[in-house]
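In: Give me coordinates for this.
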Amino acid sequence: MRLAEELGARQVLDIGCGTGAFALLPAERGIEVVGVDPATASVDVAHGKPGSERVRWVHGDAGALPPLQVDLVTTTANVAQAIVDPQVWRMTLRAAYEALRPGGSLCSRRGIRPAARLGGVEA
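Out: Below you'll find the model as predicted:
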């Protein structure tokens, strides 16, 4: 959250938002947030949380996103480690890149993947 504030982010994409633990934080501060996750149960839990109406929830992987222009893309917890298929990882990175405005930032709080597992895509 501190990074979003330091960057002056007004729009955030949270890839692998899960139950919305992170996505709800910037939304509470008036930042536009889109959260995407392939787990139906997680997105359902996120929908039920107080303040969830402030977030645009998308069920699916990053390839399911509508066209976006965001200042910051986040992946938190173990998102980077959970995507084990190299093609899906490349698609996720491509979707993150395409969603970012020029000068935008990608932040992965944990789970940095070793370069050998990036499947030829540098993060």
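In: Break down the protein into its helices, ranges please.
Out: 2-7, 24-28, 40-47, 79-82, 86-99 (DSSP state H).
In: Can you name the residues that contact Glu5?
Out: Arg29 (C-beta atoms under 8 Å, 6 or more residues apart in numbering). In short, each C-beta sits where N, CA and C put it, glycine included.
In: err, Val36, not the other one
Out: 13-17, 57-62, 64-65.
In: among those, which ones are buried?
Out: Listed as buried from the contacts of Val36 are 13-17, 57-59, 61-62, 65; burial here means 16 or more other C-beta atoms under 10 Å.
In: rewinding a little: weakest of the helices of the chain in terms of mean pLDDT?
Out: Between the helices of the chain, the one with the least mean pLDDT is helix 79-82; it has a mean of 75.
In: Quick check: buried residues in that helix?
Out: Buried-residue list, helix 79-82, by 16+ other C-beta under 10 Å: 79-80.
In: and what of stretch 82-93?
Out: For stretch 82-93, by 16+ other C-beta under 10 Å, it's 83, 88-89, 91-93.
In: Nearest to Gly35 among those residues?
Out: Nearest to Gly35, judged by C-beta to C-beta, of those is Thr92 at 14.3 Å.
In: Noted, bye for now.
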